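Asker: Here is a sequence together with a model predicted from it:
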Amino acid sequence: MARTRGSWTGGTLTARSLLKPQDVARAVFHPAWIPQPLDPSVERLKRFRVIAGAVASLGVFTFVEGGFDFTELLENAMTASVVLLFLTPLTVGAMLWVWRRGGTVRQLRVPLVNSLLLLVLFVGCVAALLGLVQTVNGSANPAVIIGVGLTMMWMLIFTAYGALRVSGNFFGTAAVHRCLPPLLAIVTSWLVAVPDLVTGDLHGLSLTLGIVFILGAPVTVTAIALLEMGRLKRRYGIRLKAHPAALAAAPGPVPPTAPGMPPAGAPHLPPQGNPYGHPYAPGGQQYPYAPPPRPPYTPQHPYGG
């Protein structure tokens, strides 16, 4: 399956869209090839997971210390993006090894390539934004500051909205397997916390606050992601250890039957009743059991009378 022309953004972008970087970010970082959500409840869990992940990514301790630095934040985001550039393929590769008995990598080639392109695109946007910020900070030319500054503001909005999108779909890995985004959220959140736990660096906070801010985000992300995967398994039969091709071939759960409709798969039978009901019954009602009795047939006299 090859990607068709315009299928990445779904043909939604126009020249006027460039005036709204959030619309461009929505089309670019949540492309048309990402599958639609299965369940509103799963989407709500995903939003909570994104919020908790944003807390882990931004680092609440930065605000608590009172030394918030936008350039330092971008440098941390750049470091995290480079880590993701290596961590995400490694995690997906480990799952491909788990799925090896249920299908082949060739069956997933298109969504895997698309997800990798989306990951590289996001890392490139973060790097470009960091470069623009450093250019503005290091320049004394008013024309450069104004021109590059306007571009920087557009890229800032574009990248921020893009970060929210890729945090939800995790670089479109739901197109590979529905359980990959919550799994990658767990791995990423713990990767952010583990170095601080190993080194004991509490960033100037007390022991209690340090533990809360370091462990709070990954524990919250893990709990929400596990709940998300649990609902996917119970409601839709989507298991993390199953190859996506095997899930596609397996029969899905029977959808609930709407009131007044026959069960799925059962032949539709018309309402039961007397098929011989008389149309001229009193009150327009049919006789419930048999047609009304008729007088016996008597031949008429050929000459009348």
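Answerer: All right, it came through fine. Numbers count the residues shown, from 1 in each chain.

Asker: residues touching residue 128, list them.
Answerer: By C-beta atoms under 8 Å, 6 or more residues apart in numbering, residue 128 lies in contact with residue 155. Where you see a C-beta, it was placed from the backbone N, CA and C, and this is true even at glycine.

Asker: repeat that with 6 Å
Answerer: Residue 128 makes no contacts at all, as judged by C-beta atoms under 6 Å, 6 or more residues apart in numbering.

Asker: Relative to residue 159, how far out is it?
Answerer: Using C-beta to C-beta, to the nearest Å, residue 128 is found at 8 Å from residue 159.

Asker: and what of residue 237?
Answerer: According to C-beta to C-beta, residue 237 stands 37 Å off from residue 159.

Asker: do the same with residue 95
Answerer: From residue 95 to residue 159 the distance is 28 Å (C-beta to C-beta).

Asker: Residue 91 contacts residue 187, correct?
Answerer: Yes - counting by C-beta atoms under 6 Å, residue 187 is a contact partner of residue 91 at 5.4 Å.

Asker: what's the neighbour count on residue 124?
Answerer: For residue 124, the count of nearby residues is 11 (other C-beta atoms under 10 Å).

Asker: got it, and the one 5 residues further on?
Answerer: Around residue 129 there are 21 other residues, counting by other C-beta under 10 Å.

Asker: ok, and for the host helix or strand of it, which residues are buried?
Answerer: Following DSSP states H and E, the helix or strand that holds residue 129 is helix 109-138. Neighbour counts using 16 or more other C-beta atoms under 10 Å place 111-112, 114-116, 118-119, 122-123, 125-126, 129-130, 132-133, 136 of helix 109-138 among the buried residues.

Asker: repeat for stretch 25-39
Answerer: 25, 26, 27, 28, 29, 30, 31, 33, 34.

Asker: Let me see the contact set for the fifth one.
Answerer: So that's residue 29. Counted by C-beta under 6 Å, 6+ apart, residue 29 has contacts 162, 165, 166.
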